[in-house]
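Enquirer: Build me a model:
(2 chains)
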Amino acid sequence: MTSSAAIESVAGFGRYLRGNGYPLGSGEQVALVEAALALTPANYRRLEPCWRSIVCTNRDQWQRYPELFRLYWRADAARGATRLSGAARRSRSLREAVEELHQSMAAGESPAAKAASGSFDAGAEARAETAAEGRAQGGASAVDPLEKRAIQEWRQEDLGKLLQIAEELARRIRRRLSRRVRIDDRGKALDIRRTLRRSLKYGGLPLAPAWQQRRRTLPRLFMLVDVSRSMELYAQLFLRVARAFCEVLGTRVFVFHTRLTEVTPLLKRASGRVQEKINAVTFGFGGGTRIAASLREFTAVHARAALTRRSIVMVCSDGYDTDPPEALRESLRAVVGRGARVYWLHPTRTTALSAALDQSRDFVTTFAPAHDLASLQKIPALIH
Amino acid sequence: MDATALRQGLIASGYVPDEELVSVLWLARALERPLLVEGDAGVGKTSIAGAFARATGRRLVRLQCYEGLDLQQAVYEWNYSRQLLAIRLGETGAARPDEQQLFQRSFLLERPLLQAITSPEPCVLLIDELDRADEAFEAYLLEVLAEYQITVPEIGTLKAKTIPFVVLTSNGTRELSDALRRRCLYHFLDYPDLAREIAIVKATLPEASGRMVEDAVGFIHRLRREELQKIPGIAETLDWIRALHKLEWRALPEDPETVLRTLACVLKTKDDRWQVTAETVQRLRSAAFGVAP
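Expert: Residues are numbered from 1 along each chain as shown, chains lettered A, B, ... in the order given. You can find the predicted model right below:
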């Protein structure tokens, strides 16, 4: 392996992670090489945690990383597991790559500088990604199974209306005042402590009074979208709504099926390929639906510290659950127990005849249909 | 200092790290990048900075974040009282200070960020619970963490003489911005596995009975799987075992009611206290020690 091949191998790892939703820029790519150079070749095993700290920016990425690392660098060990790419690829050796990087360093080359200017240039990566389009990604086909459905044919102005709905919702919930106060020159109440503090510079005369008023903070919004097989027709619509809410309201978005995963970082990026990546993550799941287990994981792991009395949780699902009916009730009780309010958006005109939903009605503030644009436009009026 | 020496230093200073954390700390130091540590409350995020400072012989500078934290409390503030005093002294006969003299470094109150930036020796800067601070403050940190410099309008830009080792912690009550995350290395600190937690307790409380430590930590590990509002962290484990040691117990008693009476050290909310009954204790004991209830 030459140093160029070693750098290309590391760059390929970066591209692979980016394809799985990791936000890697050229700075992070260079840091990957710098970390490899900072370690002695004998210590190459420490690279896995070192690189993990460079490429991960949240808990979800942190938890997924070991598997991705193993599949990329130890492809032989992953035999029998799901192939991650449809492309044939020669086996990689991390040890070889690190040794080559060090040899080229000793020979006077500067792989980090080369990495910054050469192999990691955006054009090369874009070409590589373009070449990879159409191949399988993340264990699932990148070809959208819903491509030919009606919702996919929404025009640009329809998508604009989703943003309007999100903005309307933002206007409504922003009206809520917090008990906390903030410094504001237009405030009506005197902040005595700060006024006294400011008066020090004027010899104790309160020439610069500090005013305060109550904060207006957005409640924390969470949106959980069911992407199971029974929701195949509607998941696209909900993901588009989620994207608008994410953009306007900073909503954290999760998708669930038989397990739960956060897709907020993917939704924040306005790229044509984002939808494909979401599809790769979501439609790669199994076929069942475990709403109760997913909600339990949401409460206990992902939003444990973030669920408060000012939280709103929107569940977008038809309510058909393979967990026992009472399990959903318990999961919702845990969410409501933290003070959050739960709104259930169902893709049908009426609430589904689901035993799980029937038993859980006490813990859902409102059930609302969200099967078309007209019903979506009524949602801001329901959420308070 | 290589990773192995760093690990030994951390252990000597009372922190038992896993290999992954050692590697990340070593890398953050080698690349001079800030380290963002996330994890549940009580898993030992804050202690990392203190242990690293002790292991490397650096001074620890701590900034505790809270809602409403502003630059005057985090970065610097002019010492108005001293300035006024200097002016009054000037009026009573001594040489009257001019404006430039009043805005010298000697009249500047250095808060933690400025202290870390101007420290002549490399120090450890702990920015604790950053998620509690406002977004405006987080945005301000971007310049400090990227350039290691602070601008004071009356003086100019103060560039760091030595790069501090920066540890930021967050409990996840608010999402931090992508911009901040990308400037940092990231580490998620989870609850330790059984063996490591036993090692942590034994390192902190060497006088406690070995069997009791193993019993109690095994019990806590089972308890964490219950659906509690506040999952007990390492701090709670240590508190509990310290209490059991004071009671001069050599092992966890058989009677669940007796154990239950000591769980105030571990269960910190009314709901959790109500949820864990003598039957729960009995079940957890049985599961932890593999005996029939």
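Enquirer: all helices of the stretch 151-293 of chain B, in order?
Expert: Per DSSP state H, counting those that start in this stretch, the stretch 151-293 of chain B carries helices over the ranges B:178-183, B:194-204, B:210-223, B:234-246, B:256-262, B:270-275, B:278-289.
Enquirer: got the residues of the stretch 151-300 of chain A near chain B?
Expert: A:180, A:182, A:200-201, A:203, A:250, A:252, A:265, A:268, A:296, A:300 (CB under 8 Å from any CB of the partner chain). C-betas here are computed from N, CA, C, even on glycine.
Enquirer: among these, who's most crowded?
Expert: Among these, residue A:252 has the most neighbours (other CB atoms under 10 Å in any protein chain shown), with 23 neighbours.
Enquirer: Contact partners for that residue?
Expert: A:220-223, A:246, A:262, A:264, A:303, A:306, B:175 (CB atoms under 8 Å, 6 or more residues apart in numbering or on different chains).
Enquirer: Just the pLDDT at it, thanks.
Expert: On pLDDT, residue A:252 comes in at 90.
Enquirer: now the spatially closest residue to residue B:235 that is not a sequence neighbour: how far from residue B:186?
Expert: Nearest residue to residue B:235, sequence neighbours excluded (CB to CB, 6 or more residues apart in numbering or on different chains): residue B:42, at 4.6 Å. Taking CB to CB, to the nearest Å as the measure, residue B:42 falls 20 Å from residue B:186.
Enquirer: So which residues of the chain form strands?
Expert: Went with chain A since none was named. With strands called from DSSP state E, chain A shows them at A:181-183, A:189-190, A:211-214, A:220-226, A:252-256, A:260-262, A:311-316, A:341-346, A:366-369.
Enquirer: wrong one, chain B
Expert: Using DSSP E, strands in chain B cover B:35-38, B:60-64, B:76-78, B:108-110, B:124-128, B:149-152, B:156-159, B:165-170, B:185-188.
Enquirer: Which one, of those, ends up nearest to chain A?
Expert: strand B:185-188 (4.0 Å; CB to the nearest CB).
Enquirer: Spell out which parts of chain B neighbour chain A.
Expert: So chain B meets chain A at B:3, B:19-20, B:23-24, B:26-28, B:30-31, B:33, B:35, B:38, B:40-41, B:67-68, B:78, B:80-81, B:83-84, B:171-175, B:178, B:181-182, B:185-188, B:227, B:229, B:271 (CB under 8 Å from any CB).
Enquirer: Now the buried members of those residues.
Expert: B:3, B:20, B:23-24, B:26-28, B:30-31, B:33, B:35, B:38, B:40-41, B:68, B:78, B:80, B:83-84, B:171-172, B:174-175, B:181-182, B:185-188 (16 or more other CB atoms under 10 Å in any protein chain shown).
Enquirer: residue contacts, whichever residue of the stretch 101-250 of chain A sits closest to chain B?
Expert: For the stretch 101-250 of chain A, the residue closest to chain B is residue A:200, as judged by CB to the nearest CB, at 3.9 Å. Applying CB under 8 Å, 6+ apart, we find residue A:200 in contact with B:80-81, B:84.
Enquirer: any chance of these in a markdown table, plus distance to residue A:188 and pLDDT?
Expert: Output for the contacts of residue A:200, formatted as a markdown table (distance: CB to CB, whole Å; pLDDT from 0 to 100):
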| residue | distance to residue A:188 | pLDDT |
| --- | --- | --- |
| B:80 | 27 | 85 |
| B:81 | 30 | 84 |
| B:84 | 31 | 84 |
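Enquirer: Present the residues you listed as TSV; the columns should include distance to residue A:46.
Expert: Shown next, in TSV, are those (distance: CB to CB, whole Å):
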residue	distance to residue A:46
B:80	51
B:81	52
B:84	56
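Enquirer: Which ones among those residues map onto helices?
Expert: B:80-81, B:84 (DSSP state H).
Enquirer: which one among those residues gets closest to chain A?
Expert: Closest to chain A, out of all of the ones in helices among the contacts of residue A:200 and judged by CB to the nearest CB, is residue B:80, at 3.9 Å.
Enquirer: Many thanks, I have nothing further to ask.
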